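Q: Show me how the following folds:
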Amino acid sequence: DDCAVALLAEMEKVLAGDGKKVLLAHLPIAAAQALTERRAAGWTRDGFFPDIDAALEWCEDRLIAEENAGHGCEKSVVPFEAMDMLAGFDVDEIGLLRSIVEVAHYAPGEIIVREGDPADSLFLLARGLVNVCLRLGDGTRQKRLATVAPGVAFGELAVFDGGTRSADVVAVLPAVCYILPLAKFDELAARHRGMRTKLLSNIGRELSARLRRADAEIRALEE
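A: As a prediction, this is how the structure comes out:
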């Protein structure tokens, strides 16, 4: 009604003055039309989202864009030896890994890893940004689980059990990946036993950090 529209319009105006934007999710069609059709309300359709996940993703996209602007994810390439997953490997071990690594380039929107594909490689992102997405329901909707930045690996669960991929990974920006085929890594690790221990230790550290971030996010949402 008019009173509700006026209250929302005033709230939007006050928050806009502080540099904040109001997003509305799960809004009935009739309510969205009422807000956009009344000029005094000042609402535009870019503030309406079908659900909370879509609204959160809109916010995340802008935070990621701001972060990317300061770090140049599109331009600089992280050297192979500087990847987080190779912490603790010595020069000789890195040389052996480099001899079996493949380098692949991906365009924005290109699927790097598809849910259900064989999990036979470890990916190390050298440039760009990628989203890890989970398909929902009938496959027409997706939820973004994480955004991976240069220097970080993805698909690391393949090292533990092989199996199949549990989510899609899609390039957001032009991406460059170092791909470590696990079959070839197993051959190396059979001759250089310390390499497997180091890789598993690094994966464990990364998974632990992700779990802590997930705990913090859940706690923040509950509070």
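
Q: list the buried ones in stretch 108-128?
A: Ile112, Val113, Glu115, Ala119, Ser121, Leu122, Phe123, Leu124, Leu125, Ala126, Arg127, Gly128 (16 or more other C-beta atoms under 10 Å). Bear in mind the C-beta positions are built from the backbone N, C-alpha and C, glycine included.

Q: out of those, who's nearest Arg62?
A: Using C-beta to C-beta, Gly128 comes nearest to Arg62 of the buried residues of stretch 108-128, at 17.9 Å.

Q: How about the secondary structure of the residue nearest to the spatial centre of the chain?
A: Nearest residue to the geometric centre of the chain (C-alpha atoms, centre = their mean): Thr147, 1.4 Å. Recorded secondary structure, Thr147: strand (DSSP: H, G, I helix; E, B strand; the rest coil).

Q: roughly how far apart are it and Glu37?
A: For Thr147, the distance to Glu37 equals 36 Å [C-beta to C-beta, to the nearest Å].

Q: Pull out the buried residues from the longest helix along the chain.
A: Looking across the chain with DSSP state H, the single longest helix is helix 193-222. By 16+ other C-beta under 10 Å, the buried positions in helix 193-222 come out as Met195, Lys198, Leu199, Asn202, Ile203, Glu206.

Q: who's in contact with the fourth one?
A: Right, Asn202. Counting by C-beta atoms under 8 Å, 6 or more residues apart in numbering, Asn202 touches Asp84, Met85, Leu86, Ala87, Gly88.

Q: I'd say the residue nearest to the centre of the chain and Cys133 touch.
A: No - in this structure, Thr147 is not within contact of Cys133 by C-beta atoms under 8 Å, at 10.0 Å.

Q: which neighbours do these two share?
A: Common neighbours of Thr147 and Cys133, counting by C-beta under 8 Å, 6+ apart, are absent.

Q: how about the helices of the protein, start to end?
A: In the chain, the segments counted as helices under DSSP H are 2-17, 29-37, 52-71, 91-98, 158-161, 182-191, 193-222.

Q: Could you point out which of these sits nearest Arg141?
A: Relative to Arg141, the nearest member of those by C-beta to C-beta is helix 52-71, separated by 8.6 Å.

Q: Run a quick neighbour tally on Ala107.
A: Neighbourhood size, Ala107 [other C-beta atoms under 10 Å]: 10.

Q: Now do the contacts for it.
A: Ala107 makes contact with Ala171, Pro174 under the criterion C-beta under 8 Å, 6+ apart.

Q: Repeat the analysis, applying 6 Å as the threshold.
A: Under the criterion of C-beta atoms under 6 Å, 6 or more residues apart in numbering, Ala107 has no neighbours.

Q: what's the least confident helix or strand in the protein, going by average pLDDT?
A: Across the helices and strands of the chain, mean pLDDT, DSSP states H and E gives its lowest value to helix 52-71, namely a mean of 75.

Q: What does the pLDDT read for Val101?
A: We have a pLDDT of 97 for Val101.

Q: Roughly how far does it sit from Val78?
A: Taking C-beta to C-beta, one finds Val101 at 13 Å from Val78.

Q: for Asp18, same thing?
A: 37 Å.

Q: With Glu37 instead?
A: On the measure of C-beta to C-beta, Glu37 and Val78 end up 50 Å apart.
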